[in-house]
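**Student:** Here is my input; please provide its structure:
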Amino acid sequence: MAPSGVSNTALLAGRYRVLRRLGEGGMASVLLATDEFLGRPVAVKRLPTGSPEEALARFRREARLGASLNHPNIVSIYDSLVDEDAVLIVMEYVEGRSLEEMLRDGPLRPEAAMPILAQVAEALDHAHEQGVIHRDVKPSNVLIRPDGVAKLADLGIATATDATAITSSESVIGTLAYIAPERLDGETDHAAADVYALAALAYEALSGERAQRGETPAEIVNRAATGPPPDLRHDWPEAPLEAAAALRDGLSPAPEQRPSTAGQLARRLASALGQPAADPDRAPAVTERVPAPIGDFDRSDGPALRRAGSNRRRLAAAALAGAALLLGFVLAIGLDGGSEPAKQTGAAKPRTADNRPATTTTTTTEISTVESAPSPGSSGGVEAPGASGAALNDQGYALIQAGRYDEAIPVLQRAVESFPEGTSDANYAYALFNLGNALRLAGRANEAIPILEQRLQFPNQRGTVQRELELAYAEAGLSGGKPGKSGEAGKSGKHGESDD
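**Tutor:** Here you go, the predicted model:
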């Protein structure tokens with residue numbers, strides 16, 4: 001079925017024979033057509049010329065930015081033209097499924113998720129090198145062919161690095177669950193925002209749940225801007241510690257704390273999951289395309305620059321969240337004009353034998369909810385009243401990362417003591433490791449040894465714990481461990497344990 005005003009056999013621009021409709025949003029439609037000149041299938045995105053000027057400008061920008069990028073993991077733009085009553089973008093037709101459709105069957109195993117995420121990361125890094133920020137990285141914009149090639153689609157709201165993220169109507173452009181907090185403060189778009197979105201995409205691909213959730217848009221914004229980054233282990237308890245750490249860094253409210261490139265995030269995550277990493281020095285393959293003379297495009301000459309974060313940005317984002325309900329916070333989602341896809345509720349899911357979430361059928365709501373541990377606060381390790389063991393562990397880990405080992409020790413001791421005797425809670429194991437790590441880094445290796453030996457009784461991440469124990473033995477001058485690095489050189493990865 002073709003959209004209103006276009007027959008199933010219509011010939012667009014005297015060249016593109018419509019076969020069927022692929023999708024349709026509030027204003028634009030996407031058609032499958034045959035290019036009768038070249039005899040190949042193409043996707044034609046069509047926007048009526050009577051559409052609002054802002055939509056038309058965004059549509060033309062998509063064509064220009066898309067044509068400026070040439071990468072095997074980005075959907076190619078072949079042509080841009082005006083038909084009788086519509087503006088057309090002719091692009092590569094990608095046969096297959098979107099990542100959003102794949103995730104309806106449940107989360108992906110690491111060996112299935114990482115090749116997709118690595119390809120998306122390569123696409124983003126290429127775009128950033130050309131001075132283009134995507135701004136709408138989400139599962140529905142990742143298309144996967146039957147041969148496993150992933151393509152990043154929909155540059156409808158992409159922008160050059162010197163463009164603004166706020167439209168004239170003061171609407172934030174993007175999809176809320178994947179928007180970096182600094183964009184809500186009106187910051188100029190930079191590569192770090194796409195890295196954040198890739199981390200959110202990876203979190204969802206691996207756990208089956210969105211990283212940022214809430215009952216209202218304001219709640220989602222507030223959590224993203226002021227709360228601690230979400231922990232993958234909350235939705236996938238058996239996730240490797242370093243995988244959770246990589247995504248926590250990628251989802252940090254502060255852009256300067258995120259990996260510097262999308263590829264860096266993907267490689268770190270692949271290493272943590274025991275998957276082959278993409279070669280950072282491999283030159284991307286060049287795909288064939290038909291150049292289209294669609295006008296000049298002013299973009300930056302070098303890699304996208306990143307701006308350092310600040311307390312002002314995060315406070316402003318939080319203020320925006322509070323004002324959102326009063327000011328009618330509006331989220332524009334490209335040209336789709338639709339709402340966020342339905343998600344499962346935050347109820348606990350049954351899990352498979354390897355403890356990954358199993359696919360279930362539940363009542364859906366527009367935005368899923370989840371209970372989270374209390375925020376550890378922002379006062380540099382001051383215990384919040386009634387803080388949970390998990391939150392105390394987060395505080396202690398933050399102090400370790402800041403090099404404040406002596407201050408971290410009592411916080412982590414309280415974290416360990418907060419769990420009941422005989423507990424098998426994963427957060428208890430994390431707190432034990434971080435306490436042992438802090439003791440060793442503070443020069444108290446003798447005290448670290450029994451803590452780490454206790455942590456070794458837990459079944460996960462034993463190799464990492466054993467290496468930390470060997471360092472403690474070596475620094476204590478005791479037999480039983482291999483000589484190891486000391487001091488800062490032995491400092492563990494994000495959130496404590498790592499997989500090298």
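**Student:** ok, the closest residue to residue 175 other than its chain neighbours to residue 394 distance?
**Tutor:** In space, residue 175 comes closest to residue 138 once its chain neighbours are excluded; the distance is 4.9 Å by Cβ to Cβ, 6 or more residues apart in numbering. The C-beta positions use only the backbone N, C-alpha and C, and glycine is treated the same way. According to Cβ to Cβ, to the nearest Å, residue 138 and residue 394 sit 27 Å apart.
**Student:** Likewise for residue 223?
**Tutor:** Using Cβ to Cβ, residue 223 is found at 14 Å from residue 394.
**Student:** who has more neighbours, these two?
**Tutor:** More crowded of residue 223 and residue 394, by other Cβ atoms under 10 Å: residue 394, with 28 against 23.
**Student:** element containing that one, please.
**Tutor:** helix 389-401 (DSSP states H and E).
**Student:** average pLDDT across that helix?
**Tutor:** Averaging pLDDT along helix 389-401 gives 82.
**Student:** Contacts for the helix or strand following that helix, please.
**Tutor:** Per DSSP H and E, helix 389-401 leads on to helix 405-417 as the next helix or strand towards the C-terminus. Applying Cβ atoms under 8 Å, 6 or more residues apart in numbering, the contact partners of helix 405-417 are 381, 383, 389-390, 392-393, 395-397, 399-400, 427-428, 431-432, 434-435, 438-439, 441-442, 444.
**Student:** The helix or strand following helix 405-417 to helix 389-401, inter-axis angle?
**Tutor:** Using DSSP H and E, the helix or strand that follows helix 405-417 towards the C-terminus is helix 426-441. Note on geometry: by axes from the mean of the first three to the mean of the last three Cα atoms, to 10 degrees, helix 426-441 and helix 389-401 are set 30 degrees apart in direction.
**Student:** Only the buried residues of the next helix or strand after helix 426-441, if you could.
**Tutor:** Downstream of helix 426-441, the first helix or strand assigned by DSSP H and E is helix 445-455. The neighbour-count check on helix 445-455 (16 or more other Cβ atoms under 10 Å) flags 445, 447-449, 451-452, 454-455 as buried.
**Student:** For the next helix-or-strand element following helix 445-455, what does the pLDDT average out to?
**Tutor:** Downstream of helix 445-455, the first helix or strand assigned by DSSP H and E is helix 462-476. What helix 462-476 shows for mean pLDDT is 85.
**Student:** again with stretch 219-235
**Tutor:** 89.
**Student:** For the stretch 51-200 of the chain, give me the ranges with low pLDDT.
**Tutor:** Applying pLDDT under 70 to the stretch 51-200 of the chain picks out residues 156-174, 186-188.
**Student:** Which residue ranges of it form strands?
**Tutor:** 77-82, 86-92, 97-98, 132-133, 142-144, 150-152, 159-160, 172-173 (DSSP state E, counting those that start in this stretch).
**Student:** Need the per-residue pLDDT for residue 311.
**Tutor:** 41.
**Student:** oh, I was asking about residue 350
**Tutor:** pLDDT at residue 350 comes out at 42.
**Student:** before we move on, what about residue 307?
**Tutor:** 32.
**Student:** for residue 330, same thing?
**Tutor:** Per the predicted model, pLDDT is 33 at residue 330.
**Student:** what helices or strands is the top helix by length along the chain leaning on?
**Tutor:** Longest helix of the chain, by residue count under DSSP state H: helix 110-129. When contacts are defined as 3 or more Cβ pairs under 8 Å, 6 or more residues apart in numbering; DSSP states H and E, helix 110-129 packs onto strand 142-144, strand 150-152, helix 191-207, helix 262-272.
**Student:** ok, 10 Å please
**Tutor:** helix 53-68, helix 99-103, strand 132-133, strand 142-144, strand 150-152, helix 191-207, helix 262-272 (3 or more Cβ pairs under 10 Å, 6 or more residues apart in numbering; DSSP states H and E).
**Student:** What residues of it count as buried?
**Tutor:** Residues of helix 110-129 classed as buried by neighbour count (16+ other Cβ under 10 Å): 110, 113-129.
**Student:** ok, residue 43 touching residue 79?
**Tutor:** No: contact criterion Cβ atoms under 10 Å: residue 43 and residue 79 do not qualify, at 11.5 Å.
**Student:** who touches both of the two?
**Tutor:** In terms of Cβ atoms under 10 Å, 6 or more residues apart in numbering, residue 43 and residue 79 are both contacted by the residues 16, 89-91.
**Student:** Reformat those as CSV; add neighbour count and distance to residue 36.
**Tutor:** Listed next are those as CSV, based on neighbours: other Cβ atoms under 10 Å; distance: Cβ to Cβ, whole Å:
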residue, neighbour count, distance to residue 36
16, 25, 7
89, 26, 18
90, 25, 12
91, 25, 17
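**Student:** Please report the distance of residue 266 from residue 429.
**Tutor:** Taking Cβ to Cβ, one finds residue 266 at 27 Å from residue 429.
**Student:** which one of those two has more residues nearby?
**Tutor:** residue 266 (32 against 25).
**Student:** shouldn't the more buried one be in contact with residue 205?
**Tutor:** No: Residue 266 lies out of contact with residue 205 (Cβ under 10 Å); the separation is 11.7 Å.
**Student:** which residues do those two both contact?
**Tutor:** Joint contacts of residue 266 and residue 205 (Cβ under 10 Å, 6+ apart) are 114, 116-117, 120.
**Student:** Any chance of a markdown table for the residues you listed, columns distance to residue 105?
**Tutor:** Output for the shared contacts of residue 266 and residue 205, formatted as a markdown table (distance: Cβ to Cβ, whole Å):
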| residue | distance to residue 105 |
| --- | --- |
| 114 | 18 |
| 116 | 14 |
| 117 | 17 |
| 120 | 19 |
